[in-house]
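**Student:** Output the structure for:
(one chain, ligands or ions: 1)
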Amino acid sequence: MLVKPFAPSSLTKGLQALVTRLQPTHPQYQSLQQELKIKEAGDFGEQYVMKELQQIALLNDCYIFHNVILPSVIPMQIDILLIVPNAIILLEIKNIRGTVHFKSDPRQLIRTSESGEVHVFTHPEIQLEQYIQGMRHFLHTQHISIPIYGAVVFPFNNVNIHREDGRLPILMAKELPIFLHQHIEKNKETVTMTAIKNLILSHLRDKTPFPLCQYYQIDDSALRRGVYCENCAEFGMEKLKIGWHCQMCQHRCRDAHIQALKDYYMLIGETITNRECRDFLMIGSEHIAKRILQKLQLPRSGSNKYSSYKLSGL
Ligand SMILES: [Zn+2]
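**Tutor:** Residues are numbered from 1 along each chain as shown. As a prediction, the model looks like this:
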């Protein structure tokens, strides 16, 4: 039973906006583009495993969550969490291509890509152990005691895995039905399951690294301004009486400013003033900017020209 469906991570969406708006000549452009690719691949892998899990009949009466962040003294961001009759199962998804070596002393994950490029990642076991501990602590504060299992899952067969030794299982997605079969005891009462599901739902947190210019220490003057044309991928759509017009390709779009304001929120700041809006969307008129912001019915603080509008609800 799907409780919290797949959604792309907020960092992926923010990085997409950042890479689109950052000048390609910026010194951080290439590394951010690389980071975006890794994040997108990660999301794709998580989405795939979520789909696979939903097809496993054994999980019909279990609860499936994507991306779980809970308050705990030990930080945790669990890719996939399953509540089954006698246990909680945490899955850490790794969509990495090429050849990977799990080194055990010290624990590191080293990936060599097809082109020979070497990349070092945090060993997923370290993350998973931390999440299991965090989860145990969270449940302990709620006076619940239940076994917690974890596994690292590689979604696709595009990886050649070498492992020295390890404490937690590393699986391919296709092995999940067998793994779950070994960890799910049938015919157990499910009252605790529902209680744990409700507990997790009522404690879910959201974590965003916004604004990304601050997170990556990029001066926001390095960003391209204007409203983006989704048809020709250029900035600088012009405001019409109704909607926006692209002079490059003649495309028209009614709500193109919404993405631009979301970009502002993810990259620059949580609130925007009329002046900042005119500057970022490249609008000449104070009156038009005011109309755009008021029409979105955003929570507002301050009065007259010092008003600032809260963008987080977009
Ligand atoms: Zn265009």
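**Student:** Which pLDDT value goes with whichever residue of the stretch 51-200 of the chain sits closest to the ion?
**Tutor:** Distance from the ion to each residue of the stretch 51-200 of the chain (CB to the ion) is smallest for Asn95, at 32.8 Å. C-beta: built from backbone N, CA, C; applies to glycine. Note on Asn95: pLDDT of 94.
**Student:** Contacts only, for it.
**Tutor:** Contact criterion CB atoms under 8 Å, 6 or more residues apart in numbering gives Ala41, Gly42, Phe44, Gly45, Glu46, Tyr48, Phe154, Pro155, Phe156 as the residues in contact with Asn95.
**Student:** please redo it, this time with the cut-off set to 6 Å
**Tutor:** Ala41, Gly42, Gly45, Pro155 (CB atoms under 6 Å, 6 or more residues apart in numbering).
**Student:** shaky segments in the stretch 101-250 of the chain?
**Tutor:** Under the criterion of pLDDT under 70, the regions of the stretch 101-250 of the chain flagged as low confidence span 187-191.
**Student:** residues making contact with stretch 169-179?
**Tutor:** Contacts to stretch 169-179, defined as CB under 6 Å, 6+ apart, come from residues Val49, Glu52, Ile56, Ala151, Val152, Val153, Phe154, Pro155.
**Student:** Mark which of the residues you listed are buried, thanks.
**Tutor:** Applying 16 or more other CB atoms under 10 Å to those, the neighbour count classes Val49, Ile56, Ala151, Val152, Val153, Phe154, Pro155 as buried.
**Student:** Give me the subset of those lying in strands.
**Tutor:** Judged by DSSP state E, the buried ones among the contacts of stretch 169-179 include Ala151, Val152, Val153, Phe154 as members of strands.
**Student:** Kindly reformat the residues you listed as CSV containing distance to the ion.
**Tutor:** Conversion of those to CSV gives the following (distance: CB to the ion, whole Å):
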residue, distance to the ion
Ala151, 46
Val152, 44
Val153, 41
Phe154, 40
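**Student:** need these in TSV with distance to Phe121, can you?
**Tutor:** Output for these, formatted as TSV (distance: CB to CB, whole Å):
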residue	distance to Phe121
Ala151	17
Val152	11
Val153	15
Phe154	13
